[in-house]
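>>> After the sequence you'll find the predicted model.
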Amino acid sequence: MLFRCLLFPTLFLLSLFSNAEDKITYSLDHFSYAGPMAILQLANDWHGDMKPGKDAISFLENKVQVTSGNFRFSILSRTYHEFLISNDLARGFYYYNNDVELDEELRIHSALQAKSYSGEGIQLGYTFEISPTQTSFLIMTPTLTALRLTDIIWGDLEGELFYSNTQDWGGTLDLDYHYTKDHVVRRPLNGDYIGQLYGLDFEATYQSEYITAYYQGINIASRVYWDGLPTTTAQISTQTAFLLFGYEYYDDVVLTVPAFHYGRIALPLGGSFASKGISFRSDGYFTAIREFYFHGIEWVNTVSWFSKAEEVIYSVQYDPTHSSSKVSFSHPNFSTTLASQTLDLSKSQQLIVNFAFNYTF
């Protein structure tokens, strides 16, 4: 709601003070990885094929950004999910949602840590440009972020669980978590619960005749401040009285938000490849639970669009650890990226989708 309310007034004000160097950008950034399941099946009530591995992470951001000179102003929505989950525990969810009956009872020691939030807000950034030499430059943009959070799950559970079929399952769990919707004890809540996220994002680009490097850090120094956040600290059991001991209360919390880092390096190849604008390129995604690396080739070419010569960049890469392929295309007015393990996105454990559109006015 905040995203939509601020968008049109912002565009109107910018149209009054615009100049030839003003630019508006819409961008969509999505990154997801799920060890036990394919991404789309994980979101669809744990249906689909079980996979080896553990843990899951997802980041989604929609942003409208206005650049005027060195200043940047953005309106954005951001959603983040991080789950540290064992494969056995994920398998239990899968069995239950798919009505699987086991010949032998599955009994596990379970542990789950969750950090999940979503909200909308604004960003304000300023760009610094440095030219160490005549053939190189460094661009740095620190950005202050303020989000109004309306949804959060933050905490952990641990205990002994068993499963035979959908009528014979349960166990005993120790809970300690914050939430705006109680998914375990089913505590009824009335009213709205609003928190605030304040943090720092950072971008940097360095380019010379020998290397092109880019870095983006999201939430590199961010905190959530939330007064009166619903909280449960208890032990529960499905075999005796449901709530064995513990209490439900409202807590004033300060939470440290996990950072998300992205880096890219392109090294021009020598010989005839250099004259054709071909470089070796490596991309890295660094999350709180896992690192991801893509390696491949980048090709820079000049094409004519409506009688205007413009530079476009193509890249093809591969992540050998997670068997994912990645393709990218970049133009001064728009860019797009797609990475997946298969052409059928519903079967992929890894999914990266980026899109950006720029308009200069």
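Thanks, I have the structure now. Numbers count the residues shown, from 1 in each chain.

>>> how about the strands in the stretch 51-200 of the chain?
Along the stretch 51-200 of the chain, counting by DSSP state E, counting those that start in this stretch, strands occupy 56-68, 71-85, 106-126, 128-130, 137-165, 168-179, 195-207.

>>> Please tabulate those in a markdown table, including the columns mean neighbour count, mean pLDDT and distance to Asp22.
For glycine as for every other residue, the C-beta is placed from the backbone atoms N, C-alpha and C. Converted to a markdown table, those look like this (neighbours: other Cβ atoms under 10 Å; pLDDT from 0 to 100; distance: least, Cβ to Cβ, whole Å):
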| stretch | mean neighbour count | mean pLDDT | distance to Asp22 |
| --- | --- | --- | --- |
| strand 56-68 | 19 | 96 | 5 |
| strand 71-85 | 19 | 96 | 10 |
| strand 106-126 | 17 | 95 | 15 |
| strand 128-130 | 11 | 93 | 17 |
| strand 137-165 | 17 | 95 | 16 |
| strand 168-179 | 18 | 91 | 41 |
| strand 195-207 | 18 | 96 | 19 |
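
>>> mind putting these in JSON lines, distance to Gly246 included?
Converted to JSON lines, the strands of the stretch 51-200 of the chain look like this (distance: least, Cβ to Cβ, whole Å):
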{"stretch": "strand 56-68", "distance to Gly246": "27"}
{"stretch": "strand 71-85", "distance to Gly246": "22"}
{"stretch": "strand 106-126", "distance to Gly246": "17"}
{"stretch": "strand 128-130", "distance to Gly246": "51"}
{"stretch": "strand 137-165", "distance to Gly246": "12"}
{"stretch": "strand 168-179", "distance to Gly246": "7"}
{"stretch": "strand 195-207", "distance to Gly246": "23"}
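
>>> Out of these, flag the one nearest Thr232.
For Thr232, the closest of the strands of the stretch 51-200 of the chain is strand 168-179, at 5.4 Å, according to Cβ to Cβ.

>>> quick check, Leu40 in a helix?
Yes - per DSSP: H, G, I helix; E, B strand; the rest coil, Leu40 lies within a helix segment.

>>> I'd assumed Gln349 was in contact with it.
No - the criterion here is Cβ atoms under 8 Å, and Leu40 misses it with Gln349 at 10.2 Å.

>>> Which of these two has more residues huddled nearby?
Neighbours of Leu40 and Gln349, each counted by other Cβ atoms under 10 Å, are more numerous for Gln349; the result is 24 against 17.

>>> Pull out the buried positions in stretch 297-314.
With burial defined by 16 or more other Cβ atoms under 10 Å, the residues of stretch 297-314 counted as buried are 298, 300, 313.

>>> Just the CA trace of it, in CSV.
Written as CSV, here are the backbone C-alpha positions of stretch 297-314 (Å, rounded to 0.1, in the frame of the first residue of the first chain):
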residue,chain,number,x,y,z
ILE,A,297,31.8,-15.7,-20.8
GLU,A,298,30.7,-12.0,-21.3
TRP,A,299,30.5,-10.4,-24.8
VAL,A,300,30.3,-6.7,-25.3
ASN,A,301,29.0,-5.5,-28.6
THR,A,302,27.9,-2.3,-30.2
VAL,A,303,24.5,-2.3,-32.1
SER,A,304,22.4,0.3,-33.8
TRP,A,305,18.9,0.9,-32.3
PHE,A,306,16.8,3.3,-34.3
SER,A,307,20.0,4.8,-35.9
LYS,A,308,21.7,5.2,-32.6
ALA,A,309,24.8,3.1,-31.7
GLU,A,310,24.6,1.6,-28.2
GLU,A,311,26.6,-0.9,-26.2
VAL,A,312,25.0,-4.2,-25.2
ILE,A,313,26.4,-6.9,-23.0
TYR,A,314,25.6,-10.7,-23.3
